[in-house]
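Student: task: produce atomic coordinates for the following.
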Amino acid sequence: MELVDALPLDTTAQFPGGPSLIALAETIANLECLKPLRRTEKWWSDNGISVRSTLWWKPRGGAPFAAACMKLLARAGFPPCWPWSAQTEGLIAEAFPAAQLCSWKLPFKKYDGSNGNDVRQEIIRGLEPRVNFGRFRKVVEQTADALDAVISSFAAIAAYRGETAPSDGDDAIVSREGWIAVHA
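Tutor: The predicted structure follows:
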């Protein structure tokens, strides 16, 4: 994050651009393709989930989002981030709602928009043993973004309680690249 924080800002935004994040990554590692995946992303891709590369910057690219997130974390004073920090106060964890849903054996595709209403209903029914939606049920029924926010909270719970699903066991990769927190 310190290296990303030092990158020049894009001329049209307050964040480094995707290409500058990619150039930085190329100085650190040999990028083997145009859309490289971190180990955590590859793990979920191999398990059937559509994953966006954090180092792709063209249409639907993840690099601008990754650069902006890291810059915001730097501006926030580098709060503790899981799995790099064992501190629990103010801990930030990377969430991936589709991975969480997949791990719970719930539908994780095509639940956005009006065509996703039935799938969202199925997901909500599957979450009811874990979540009391109360007066917010209507909101999560209406939009995948609200449902994703609820699902993402489980990444924070898992990191805080030490209840994350195990990684692939390569601690050196995890300590360099991070890992997506999924509630076990």
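Student: next one: the spatially closest residue to G126 that is not a sequence neighbour from F96, what distance?
Tutor: Leaving aside its sequence neighbours, G126 sits nearest to L106 (CB to CB, 6 or more residues apart in numbering; 4.3 Å). Any C-beta I mention is one placed from the backbone N, CA and C, and that applies to glycine too. Shown here: L106 relative to F96, a distance of 14 Å by CB to CB, to the nearest Å.
Student: which one of these two has more residues nearby?
Tutor: F96 (23 against 18; other CB atoms under 10 Å).
Student: read off the pLDDT value for the closest residue in space to that one that isn't next to it in sequence.
Tutor: Among residues not flanking F96 along the chain, I180 sits closest, at 4.6 Å (CB to CB, 6+ apart). Confidence at I180, expressed as pLDDT, is 93.
Student: tell me, how many residues neighbour I180?
Tutor: 22.
Student: which secondary structure state does it sit in?
Tutor: Following DSSP: H, G, I helix; E, B strand; the rest coil, we place I180 in the coil state.
Student: how near is it to C33?
Tutor: Here I180 is placed at a distance of 20 Å from C33 (CB to CB).
Student: quick one: the strands in this protein, in order.
Tutor: Read by DSSP state E, the chain holds no strands at all.
Student: where does it have low pLDDT?
Tutor: 169 (pLDDT under 70).
Student: returning to what we had before: for the residue nearest to G126, what are its contacts?
Tutor: Residues near L106 by CB atoms under 8 Å, 6 or more residues apart in numbering: 122-123, 126-127.
Student: which of these count as buried?
Tutor: Neighbour-count burial (16 or more other CB atoms under 10 Å) applied to the contacts of L106 gives 123, 127.
Student: columns distance to Y160 on top of the contacts of L106, output as JSON lines?
Tutor: As requested, the contacts of L106 are exported to JSON lines (distance: CB to CB, whole Å):
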{"residue": "E122", "distance to Y160": "28"}
{"residue": "I123", "distance to Y160": "23"}
{"residue": "G126", "distance to Y160": "23"}
{"residue": "L127", "distance to Y160": "19"}
